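**Q** I need the structure of the sequence given here:
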Amino acid sequence: MVKVYKNFRLKKYNTFGIDVKAAYYAECETTDELQELYTLDKYADLPKYVLGGGSNVLFAGDYAGLILRPLMKGIQITAEDEDKVLLRVGAGEDWDEFVAWCVSEEYGGVENLSLIPGNVGTSPMQNIGAYGVEVKDVIHKVEVLNLNTLKPEVFTNEECRFGYRSSIFKHALKGSVIITHVHIELSKHPVLVTHYGSVAEELEKYTLKNIYAVRQAVMAIRKRKLPDPEVTGNAGSFFKNPVIENKLFESLVKEYPEIPNFPAEADQVKIPAAWLIDQIGWKGAKKGRAGVHPHQPLVLINLGGAAGKEVLALAEEIAGSVKERFGIELEMEVNIV
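**A** Have a look, this model is predicted:
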């Protein structure tokens with residue numbers, strides 16, 4: 001029988017450190033436990049929210065329903081040959097601990113995604129990415145529990161409809177399935193991805209250029225740029241990097257010739273959200289108990305005791321000022337609950 005807690009404090013279960021409560025809270029370590037929980041009449045009519053590592057969520061207030069956490073564990077080799085290995089990983093595995101294990105086994109493909117907080121189960125939902133790599137590049141398939149039928153289903157990589165920080169699980173199937181396991185295919189002869197950001201420069205400090213060195217370089221960069229959630233509450237990048245039409249970009253270049261940009265899909269350009277926010281002077285700004293990180297304007301922080309609504313109000317003010325100055329809509333990467 002799954003244990004369900006009442007009036008459960010969630011401060012330790014979200015990296016923003018927002019002190020809110022859930023009317024009900026439960027942890028499930030198997031698919032059977034999830035199925036059991038969804039068949040109980042007592043909770044049938046309650047709103048439900050699936051919480052992973054709590055690293056990409058902002059609670060704007062107490063949650064009047066049931067918070068449940070899928071904590072399936074285990075890393076299993078399901079297939080391998082001379083070149084590749086296929087792993088079945090439980091949704092409840094800590095993402096960075098999984099990356100560390102892969103690097104220790106000399107399996108390449110996820111080293112650039114080092115030090116990203118959260119669990120393995122939430123990685124496909126957001127299609128997490130960093131330093132030139134996205135998790136879609138290594139996902140083979142995803143196992144879920146369909147909440148309408150309470151039966152397990154499997155989605156291939158193509159069926160996941162991965163996009164920039166998005167997937168079918170974040171949009172069309174949001175609230176309809178729970179990810180239980182992720183199948184990840186890694187290389188035994190990895191090709192290093194070092195062109196993005198300052199990875200190549202950081203790698204100059206290492207004699208051997210391998211996936212271990214890439215992981216160390218990425219962690220060093222992230223630690224310099226981003227606050228530790230254990231010390232300062234945050235959820236990493238709060239906004240997505242906007243993708244805009246070429247026509248708008250061309251008009252902006254006339255006024256801001258130095259505007260950084262990256263190619264996107266046809267007739268579109270990706271602009272770093274951090275640059276847009278920084279241009280307006282938000283870096284290091286404070287609004288009550290919420291603020292903008294002094295080194296990375298893409299990161300909003302809890303200065304101590306902030307309510308979720310304070311952080312959300314700051315985010316909306318930032319987005320409004322970017323829209324007014326540049327005509328660009330910023331989309332929140334963090335899920336608001």
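**Q** max-length strand in the protein?
**A** For the chain, the longest strand by residue count, based on DSSP state E, is strand 177-187.
**Q** List the buried residues in that one.
**A** Neighbour counts over strand 177-187 (16 or more other C-beta atoms under 10 Å) mark Val177, Ile178, Ile179, Thr180, His181, Val182, His183, Ile184, Glu185, Leu186 as buried. In this view, the C-beta of every residue, glycine as well, is placed from N, C-alpha and C.
**Q** Got the domain ranges for this protein?
**A** Domains of the chain are assigned by automatic domain parsing as 4-70, 75-225, 233-336.
**Q** Can you pull the poorly scored residue ranges out of the chain?
**A** Residue ranges of the chain with pLDDT under 70: none are present.
**Q** Could you rerun that using 80?
**A** By pLDDT under 80, the low-scoring segments of the chain are 197, 265.
**Q** Against the centre of it, work out the most remote residue.
**A** Lys254 (34.1 Å; C-alpha atoms, centre = their mean).
**Q** Tell me the helix or strand right after the helix or strand hosting it.
**A** Assigned by DSSP states H and E, Lys254 belongs to helix 246-255. Next along the chain after helix 246-255, taking DSSP H and E as the criterion, comes strand 262-263.
**Q** Which elements pack onto that following strand?
**A** strand 268-270 (3 or more C-beta pairs under 8 Å, 6 or more residues apart in numbering; DSSP states H and E).
**Q** which stretches of this protein form helices?
**A** Ranges of helices in the chain, per DSSP state H, are 31-38, 95-104, 123-126, 199-203, 211-225, 246-255, 273-279, 308-326.
**Q** quick one: contacts for the closest residue to Ile277 other than its chain neighbours?
**A** Spatially, and ignoring its direct neighbours in sequence, Ile277 is nearest to Pro297 (4.1 Å; C-beta to C-beta, 6 or more residues apart in numbering). Contacts for Pro297 (C-beta atoms under 8 Å, 6 or more residues apart in numbering) come out as Ala274, Ile277, Asp278, Trp282, Lys283.
**Q** For Ser251, see how far away the third one is.
**A** Read it as Asp278. Per C-beta to C-beta, to the nearest Å, Asp278 is found 20 Å from Ser251.
**Q** Out of these two, name the residue with the larger neighbour count.
**A** A direct count of neighbours by other C-beta atoms under 10 Å for Asp278 and Ser251 places Asp278 higher, at 16 against 13.
**Q** Distance of the closest residue in space to Gln268 that isn't next to it in sequence relative to Pro263?
**A** In this structure, Gln268 finds its nearest non-sequential neighbour in Val243, 5.1 Å apart by C-beta to C-beta, 6+ apart. From Val243 across to Pro263, the span is 10 Å (C-beta to C-beta).
**Q** Tell me what Gln268 is bridged to.
**A** Counting by DSSP bridges, Gln268 is bridged to Glu245.
**Q** okay, now it: neighbour count?
**A** Using other C-beta under 10 Å, Gln268 is surrounded by 14 other residues.
**Q** didn't it look like it was pressed against Lys247?
**A** No - counting by C-beta atoms under 8 Å, Gln268 sits too far from Lys247 to count as a contact (10.1 Å).
**Q** rewinding a little: next one: the residue nearest to Gln268 from Ile211, what distance?
**A** Separation of Val243 from Ile211 (C-beta to C-beta) stands at 30 Å.
**Q** what about the two, which has more around it?
**A** Ile211 (25 against 16).
**Q** Looks like that one contacts Pro190 (just checking).
**A** Yes - using C-beta under 8 Å, Ile211 is in contact with Pro190, at 5.4 Å.
**Q** Which neighbours do these two have in common?
**A** Gly108, Glu111.
**Q** And stretch 103-115, what's buried?
**A** So, applying 16+ other C-beta under 10 Å, buried residues of stretch 103-115: Val103, Tyr107, Gly108, Gly109, Val110, Glu111, Asn112, Leu113, Ser114, Leu115.
**Q** Just put these in TSV and tack on distance to Thr122.
**A** Below are the buried residues of stretch 103-115 laid out as TSV (distance: C-beta to C-beta, whole Å):
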residue	distance to Thr122
Val103	21
Tyr107	21
Gly108	22
Gly109	18
Val110	15
Glu111	19
Asn112	18
Leu113	13
Ser114	16
Leu115	15
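**Q** Hmm, Gly284 is touching Gln296, no?
**A** No - distance between Gly284 and Gln296: 10.2 Å, which falls outside the contact criterion (C-beta under 8 Å).
**Q** who has more neighbours, these two?
**A** Counted by other C-beta under 10 Å, Gly284 and Gln296 do not tie: Gln296 has more neighbours, with 21 against 12.
**Q** Just want the phi and psi numbers for the more buried one.
**A** phi -140, psi 100 (degrees, to the nearest 10).
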